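Trainee: Sequence and computational prediction follow.
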Amino acid sequence: MTVQALLIFVPALLWAVIAQDIWAFVRKRKSQSPVFRVLLVLTALLALHYLLWTLVQLVPGRLEGARRALVALLDGAVVALMAVGRHFAVVWPVRAKPPAPAWRAANYGAAVLAGTVFVLADLRVVSIPARGWASSYTLFSAYLLVMAALTVLDARRLARTGAWQPGRLDETSSADVIAVAAGFACFLVGQLIPAASGTTPAALITGDGPSRAAMAFVALNAMGGVAVAVPFAVRDLADALRGFVTVATMLAATAAVYFGARALGERLGDRELGRLVDLAAVLTMVLTVMPLRSWMGTAVDRLVFRRSRQRWAEVHAFLQTLPLEAGVVECCRRALTELARAMQLRGAAMLFGDGEVVAHGALSLAPLERVWPRWSRALPPYTFGWTRLRDLPLPLIEALLEARVIAIVPILSPRRLWGHIVMSTDLLRASFNDEDDQAVDGVAAQLARVLDGAELLARALAVERSLAHAAKLAAIGELAARIAHDIRNPVTAARSLAQQLAAEAASPFAAEHGLILEELERVERLVAALLRFARREEFRFEPVDLGELVRATLEHFRPRLERARIGVEVEAADGLVARADREKMRQVLVNLIENAMDALEDIPDGRRLALAVLATNGTATVRVTDSGTGIAPDALPHLFEPFFSRKAKGTGLGLAIARRTVEAHGGRIAVSRPPRTGTTFDIELPCLEAR
């Protein structure tokens, strides 16, 4: 009987470890999902079920009343866990809808009714025939069969095809259904053994002397408990295996010390020496059990998961050696490489808020890139793994499952949220303990500070280069102003003469005179732009309603836009006010709109121009977007440089003057290419108020 009790105690210990892990997760993470509460109740009932079976076998035969009470409690726990198990099978998949109140009422109402009948029959309050089809044991077995079949059918209906895969552990898979069905099969086959022997399970396993039937019944029940536990243990393999091995070893060590001390005391035959031996046994257990727990956890990490406690110290030391001058992207790439080594990741990627990606190893990024810019804001500002996926929006859940992401780490500094690190690995290493979670949080915080330093250093270098470039431009501007001033008078005289020649319609060289006049006017515009670029501009700042400014500027272009068949979209409400020079900002908008119209000349149809005024965190953004062919990627970095132009008749000074004007307002101007076609210019200005 002791062997039978030890055998049935194995699943009891396994389920107790799983229940403790679920309880620690619910208490620590404070998940709002009711699924984990159902899971906690289910795992606790399973641990209680096998613990009661263990106690039933250990209660002496003379305590018949206590044994009967344990059997009644055991049957009630079985009925309850079958109802809770079916409820869990229905709500576990992330796509599953909560069951209707009528379904819950039928599920738990039937459990209450059946449990009441079986418990009262065990306590002999209700009289049910002991044999035949109407016996309590037959009805109990029939209830288990029906509930097991319904649970397997519900799980199969909602399951994904395939085995367990890292990153998809939040879904029910075919492997889960097979494991649960195998466990139920063991239970139901075990129920046939007492029926074949003409007795009940409790009477079979508590009978006098060893029995093959009793051992077979206990073995099948233990195998069923382990089989049903497999899907849960796989999803938290690190903690489940570590906890099970540690507790089992501690219990074995405690039992060895206890029985060894007892045998030694009996052999000594001296009561005083026996007391000393008992005291030594107690001290040995106290001094051994706690260190043994830590040693076993370390041994499991090292032997099974190949994880060492020094790896996090190595990661922190590595981050301190990252060269800030290498830049944000290179620092991220090196940090991902080291993090993948420490956590034995299959792949990892850093997804920035603007959509830029830095990847390492094997990771499917396509599903994430489809949803990232839009849905990344729904991610919480803390590290979380697959157990928190169901708290996210469904499109983001689908993308994370498809990419097989096991954990998401935000890189958040006091200055900004840089982005998120997503990780993927194999099934064996897909779960992490509390120490790993805390270490990852520390690494993420340190990396965020490194990226802050890299960005600040890059800005300092950019300012230094900008100052040197500004000094060079100042010299060029001064020289250009002198040249422009010197050639302006002769150009003006030649232009006046060309106008007179072009006015003579009968002249045989009218076309040539028109071409001369056109080219001289272009030289005049270039000279004017050079003088404007070279001289210091005076600004008159005042509160300017940006929405009203955009609409007034656009109104000037209405006739030209209609002739060019360009559709216009305006999203600029009143009330967004910035401190600006109205005329200077109008000139910036005029330049951007004219550039957009030039870009749309080569488009046969679908010509669109969109202007918008947006407010974000105290900053006003004026956005100008066209549907043209877009700017070549190699030209984007040089677009605001003086004298750089891809247009045949362009001066290359319009955008340079625009940038200088915007920066004089304390803002910035940037250009980007939308995902499809066209070009977008963003002007960001400090916002005074937004109503």
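Mentor: Sure, I can see it.

Trainee: okay, how far is it across stretch 597-614, tip to tip?
Mentor: Using CA to CA, to the nearest Å, the end-to-end distance of stretch 597-614 comes to 22 Å.

Trainee: immediately after the worst-scoring helix or strand of the chain on mean pLDDT, which helix or strand?
Mentor: None of the helices or strands of the chain scores lower by mean pLDDT, DSSP states H and E than helix 271-303, at a mean of 61. Downstream of helix 271-303, the first helix or strand assigned by DSSP states H and E is helix 310-320.

Trainee: Next, the buried residues of that next one.
Mentor: Across helix 310-320, burial judged by 16 or more other CB atoms under 10 Å covers 311-312, 315, 318-319. C-beta here means a position set from N, CA and C on the backbone, and glycine is covered the same way.

Trainee: Throw those residues into JSON lines and include pLDDT and distance to residue 440, thanks.
Mentor: Shown next, in JSON lines, are these (pLDDT from 0 to 100; distance: CB to CB, whole Å):
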{"residue": "311", "pLDDT": "75", "distance to residue 440": "11"}
{"residue": "312", "pLDDT": "77", "distance to residue 440": "9"}
{"residue": "315", "pLDDT": "85", "distance to residue 440": "9"}
{"residue": "318", "pLDDT": "88", "distance to residue 440": "14"}
{"residue": "319", "pLDDT": "89", "distance to residue 440": "13"}
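
Trainee: For the chain, which segments count as strands?
Mentor: Along the chain, the segments classed as strands by DSSP state E run 347-352, 357-361, 384-385, 407-412, 417-424, 542-545, 567-571, 576-580, 608-616, 619-626, 668-672, 679-690.

Trainee: residue contacts, residue 114?
Mentor: Residues in contact with residue 114 (CB atoms under 8 Å, 6 or more residues apart in numbering) are 79, 143.

Trainee: if we can go back for a sec, residue 84: which of the strands of the chain is closest?
Mentor: Proximity to residue 84, assessed across these by CB to CB, is greatest for strand 384-385 (24.4 Å).

Trainee: mean confidence score for that closest one?
Mentor: The average pLDDT for strand 384-385 rounds to 70.

Trainee: before we move on, what about stretch 59-71?
Mentor: 74.

Trainee: tell me the domain ranges of the chain?
Mentor: Following automatic domain parsing, one finds the domains of the chain at 2-229, 236-305, 310-459, 468-534, 542-690.

Trainee: Could you identify which of those domains has the lowest mean pLDDT?
Mentor: domain 236-305 (a mean of 63).

Trainee: so how far is stretch 104-122 off the chain centroid?
Mentor: 42 Å (CA atoms, centre = their mean, to the nearest Å).

Trainee: and that stretch, which residues are buried?
Mentor: 107-108, 110-111, 114-115, 117-119, 121-122.

Trainee: for the residues you listed, which one is nearest residue 65?
Mentor: Nearest to residue 65 among the buried residues of stretch 104-122 is residue 122, at 11.7 Å by CB to CB.

Trainee: contacting residues around the closest one?
Mentor: 68, 71-72, 75, 136.

Trainee: Bridged to the residue lying closest to residue 569 once chain neighbours are set aside, which residues?
Mentor: Leaving aside its sequence neighbours, residue 569 sits nearest to residue 610 (CB to CB, 6 or more residues apart in numbering; 4.2 Å). In this entry, residue 610 is beta-bridged to residue 569, residue 625, by DSSP bridges.

Trainee: which residues does residue 610 contact?
Mentor: By CB under 8 Å, 6+ apart, the contact list for residue 610 reads 568-571, 623-626.

Trainee: of these, buried ones?
Mentor: Buried among those (16+ other CB under 10 Å): 623-626.

Trainee: Please convert those to TSV, extending it with distance to residue 338.
Mentor: Converted to TSV, the buried ones among the contacts of residue 610 look like this (distance: CB to CB, whole Å):
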residue	distance to residue 338
623	39
624	43
625	40
626	44
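
Trainee: Between these, which sits nearest residue 518?
Mentor: residue 626 (26.3 Å).

Trainee: how near is the nearest residue to that closest one once chain neighbours are set aside to residue 234?
Mentor: Leaving out its chain neighbours, the residue that sits closest to residue 626 by CB to CB, 6+ apart is residue 596, at 3.9 Å. From residue 596 over to residue 234 the distance is 57 Å, taken as CB to CB, to the nearest Å.

Trainee: Between those two, tell me which one has more neighbours.
Mentor: Using other CB atoms under 10 Å, the more surrounded residue of residue 596 and residue 234 is residue 596, with 26 against 20.

Trainee: Enumerate every residue touching residue 652.
Mentor: 641-645.

Trainee: If any of these are buried, put those into a ChimeraX selection.
Mentor: Only the buried members of the contacts of residue 652 end up in this ChimeraX selection, burial being decided by 16+ other CB under 10 Å:
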select :642,645
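
Trainee: Can you lay out the contacts of residue 652 as CSV showing distance to residue 496?
Mentor: What follows is those, written out as CSV (distance: CB to CB, whole Å):
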residue, distance to residue 496
641, 34
642, 30
643, 28
644, 32
645, 28
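
Trainee: nearest to residue 373, of the buried residues of helix 310-320?
Mentor: Using CB to CB, the shortest approach to residue 373 within those belongs to residue 319, at 27.4 Å.

Trainee: tell me the contacts of the residue most central in space within the chain?
Mentor: For the chain, the residue nearest the mean C-alpha position is residue 408 (3.9 Å; CA atoms, centre = their mean). Residues near residue 408 by CB under 8 Å, 6+ apart: 379, 383-385, 400, 420-423.

Trainee: Out of those, who's the most crowded?
Mentor: For the contacts of residue 408, neighbours tallied by other CB under 10 Å; top is residue 423, 28 neighbours.

Trainee: So in terms of bridging, what pairs with that residue?
Mentor: Residues in a beta bridge with residue 423, per DSSP bridges, are residue 348, residue 407.
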